[in-house]
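Engineer: I'll drop the sequence and a predicted model, then ask my questions.
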Amino acid sequence: MKKNAILLAVLVVMLVGCSTQTSQQETDKKVENVQMVEGSGLEGKADKVDQIDSEEIENEQELLKDYFHEMISAVDENKVEKFLAYIDSSDELFYKEQQGWIESLEQKRIEGWEVTVSIDNITLESMDWGSVDLIISMKNKDQYKNNRITYPIGKNNGMWKINELPFKKLSNGPINLYYLPSLESKADMILADIKELVDLYSQTFGWDPQELNIKLYDTPEKIAASVGWPSLYGVAVPFVSLKFVVEGEYSVTYGLMKHEIVHMMLADLSNDNAPMFLQEGLAIFVSSAVVKNDTETPQLDFTKVKEKEKIIVANTKEIKPISELNEINYTENYIDIYNVGFLITDYLIQTHGIEKYLEMVELLKESDIIEHGNPDRDNIVYQLTVEAIEQIYGSIEKISDAYIEHYKEE
């Protein structure tokens, strides 16, 4: 799914790398103190040094509760710049993700969610590094979820900052794969599969990705907390990163990869001006068509989409006209977005061909990017899409009637 996506979450603790040198200096200093004490009749002073350090750390932990409380207030009040002042800006990708995180929480509040963020614990290993446990609580009608995430914290120019989890990195061409240490044994295989899918989609749709950042999480709680959703397994944030959970059967992970990479592709091809029904529609359509040949190489077999089509038609109460899709509340009726989006995409590609579909997408790319923080974004991209469809396929009413009639005859 996309920035607003489906399914789950929370994250790991890392000791800040930039503090390693400072930590070593502290250790060396302690050793010098002990060496000076030894043989001088002051050996008992060594324990006192450790006790003083422990007291300093405990005092600092208490001070940090007030310090990070100001960050929580910034989240509650949606003060983006104030919140970002607590994030380590030297990690550009993490900084962008955190900006998207706080903006997504505000969007959730607009959609009717009650969102609160609280500090559960702060633990310092030294006066320069440690960790903070955050709890993100989300409630909407009968849905309620607490997600916990533990971020490393460290001093940067004398100020405490929140840092990213201890991801490791592998790269292949434009693909940067970040994975947690617990996923080390699967990283090479996943990167190889992602590369094959990216190559396949590029050849079919003319996609030329310049950079594709992908992060792998080992629990649904960690990923959900990192993007401000009550629960999800995968999410794509255009021009930033794609995230998904790796757990259980690998077929589930592969299914997420097939789906989520399509979102990143369509964002590139359309300048991120494709509405949710096109985003989810194309992701389901393409991922349903991916099969592996005798050499385990993925390929697209669009006849396989017919099976998905039958399932979705059977489970869709009302095949809505395109004119009504912008009125659907994603939080409450996301199934409509998925099902109807797929049926429209399936009809356009199967009936009129991929080439015409890509012409329509190319028209969307001619417009500037509509930022996700824009309160009118959904209306703007929807109108752009209506204009593009009408220019390539004819009037919205005509296309809506044709695709609805098409599935009635199935």
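Structural biologist: Looks like it came in fine. Residues are numbered from 1 along each chain as shown.
Engineer: just the strands in the stretch 51-200 of the chain please.
Structural biologist: Per DSSP state E, counting those that start in this stretch, the stretch 51-200 of the chain has strands spanning 114-124, 129-140, 143-156, 159-162, 168-172, 175-179. These are given in chain order.
Engineer: ok, the stretch 251-400 of the chain next?
Structural biologist: Taking DSSP E, counting those that start in this stretch as the criterion, the stretch 251-400 of the chain carries its strands at 290-292, 298-300.
Engineer: those strands: which one's closest to I194?
Structural biologist: Distance to I194, taken as CB to CB, is lowest for strand 298-300 among these, at 10.6 Å. For the C-beta atoms, the positions are set from N, CA and C on the backbone; glycine is no exception.
Engineer: buried ones in that closest one, by neighbour count?
Structural biologist: P298, L300 (16 or more other CB atoms under 10 Å).
Engineer: helices and strands around it, which ones?
Structural biologist: For strand 298-300, the contact count by 3 or more CB pairs under 8 Å, 6 or more residues apart in numbering; DSSP states H and E identifies helix 184-205, strand 290-292 as packing neighbours.
Engineer: weakest of those by average pLDDT?
Structural biologist: If the helices and strands packed on strand 298-300 are sorted by mean pLDDT, strand 290-292 sits at the bottom with a mean of 94.
Engineer: roughly how far apart are the spatially closest residue to L363 that is not a sequence neighbour and K365?
Structural biologist: With CB to CB, 6 or more residues apart in numbering as the measure, A388 is the residue that lies nearest to L363, at 4.0 Å, once sequence neighbours are left out. With distances defined as CB to CB, to the nearest Å, the gap from A388 to K365 amounts to 10 Å.
Engineer: more neighbours: which of the two?
Structural biologist: Residue environment comparison for A388 versus K365 gives the larger neighbour count to A388, 23 against 15, counting by other CB atoms under 10 Å.
Engineer: wait, what's in contact with the more buried one?
Structural biologist: The neighbourhood of A388, defined by CB atoms under 8 Å, 6 or more residues apart in numbering, consists of M360, V361, L363, L364.
Engineer: I figured L358 was touching T204, is that so?
Structural biologist: No: judged on CB atoms under 8 Å, L358 makes no contact with T204 at a distance of 9.7 Å.
Engineer: any stretches of the chain with poor pLDDT?
Structural biologist: Low-confidence segments of the chain, defined by pLDDT under 70, are located at 1-52, 329-333, 410.
Engineer: helices of this structure, start to end?
Structural biologist: Ranges of helices within the chain are 20-37, 45-76, 80-84, 92-110, 184-205, 220-227, 250-270, 276-289, 305-314, 330-352, 354-365, 377-393, 396-408, based on DSSP state H.
Engineer: list the buried ones in the second one?
Structural biologist: Of all the residues in helix 45-76, those buried under the rule 16+ other CB under 10 Å are A46, I57, E60, L64, F68, M71, I72, A74, V75.
Engineer: same question for the third one.
Structural biologist: For helix 80-84, the buried set under the neighbour-count rule, 16+ other CB under 10 Å, comprises V80, F83.
Engineer: do the fourth one as well
Structural biologist: In terms of neighbour count (16+ other CB under 10 Å), helix 92-110 has its buried residues at 93-94, 96-108.
Engineer: correct me, but I404 touches P321?
Structural biologist: Yes: the pair I404 and P321 qualifies as a contact (CB under 8 Å) at a distance of 6.8 Å.
Engineer: now distance to N140 too, for the strands of the stretch 251-400 of the chain, in JSON lines please.
Structural biologist: JSON lines is the format used below for the strands of the stretch 251-400 of the chain (distance: least, CB to CB, whole Å):
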{"stretch": "strand 290-292", "distance to N140": "33"}
{"stretch": "strand 298-300", "distance to N140": "37"}
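Engineer: so which of those strands gets nearest I190?
Structural biologist: Between I190 and those, the shortest separation by CB to CB is 13.5 Å, and it involves strand 298-300.
Engineer: adjacent strands (with direction) for the closest one?
Structural biologist: Paired neighbours of strand 298-300 in the sheet (DSSP bridges): strand 290-292 (antiparallel).
Engineer: contacts for the partner strand next, please.
Structural biologist: Outside of strand 290-292, the residues that reach it under the criterion CB under 8 Å, 6+ apart are L197, L200, K258, P298, Q299, L300, D301, K304.
Engineer: which two of the residues you listed have the greatest separation?
Structural biologist: Taking CB to CB, the two most distant members of the contacts of strand 290-292 are L197 and K304; they sit 15.4 Å apart.
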